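Enquirer: got a structure for you, letters missing:
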């Protein structure tokens, strides 16, 4: 079973940048897609970004497209989320996720995902 641990969250002002990291252990990530989701208070957990096992394909929610960038470093067994031009509506707990099944990607919350415990991102106006 894989373990995921996020880091890099914090309190920033609108317009600032943050880089989230997710370290995986228990298996190598090279055959698995990786993703980021977020959950704001009182809202459902939602998809933010995903990257395929090859790293060639990346996918983003419309709300973050052009501002966020997902990347992976298989040698470090890690995935990253670069967040630029942050807005107060980006405030949420950000979760790293990976598929249980290799060579599969679904950009939605599902029971087929492993989850990290999350990291808080707060953007003040």
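Expert: Thanks, I have the structure now. Treat the numbers as computed from the prediction; the structure is a model and nothing was measured. Residues are numbered from 1 along each chain as shown.
Enquirer: what about the residue lying closest to residue 74 once chain neighbours are set aside, how many neighbours?
Expert: Leaving out its chain neighbours, the residue that sits closest to residue 74 by CB to CB, 6 or more residues apart in numbering is residue 30, at 4.5 Å. All C-beta spots, glycine's among them, are computed from the backbone N, C-alpha and C. Neighbourhood size, residue 30 [other CB atoms under 10 Å]: 13.
Enquirer: Name the helix or strand for residue 30, please.
Expert: Using DSSP states H and E, residue 30 sits in no helix or strand.
Enquirer: Reduced to three states, what does residue 12 come out as?
Expert: Secondary structure, DSSP: H, G, I helix; E, B strand; the rest coil: residue 12 is strand.
Enquirer: Quick check: it touching residue 122?
Expert: Yes: with contact defined as CB atoms under 8 Å, residue 12 counts as touching residue 122 (7.4 Å).
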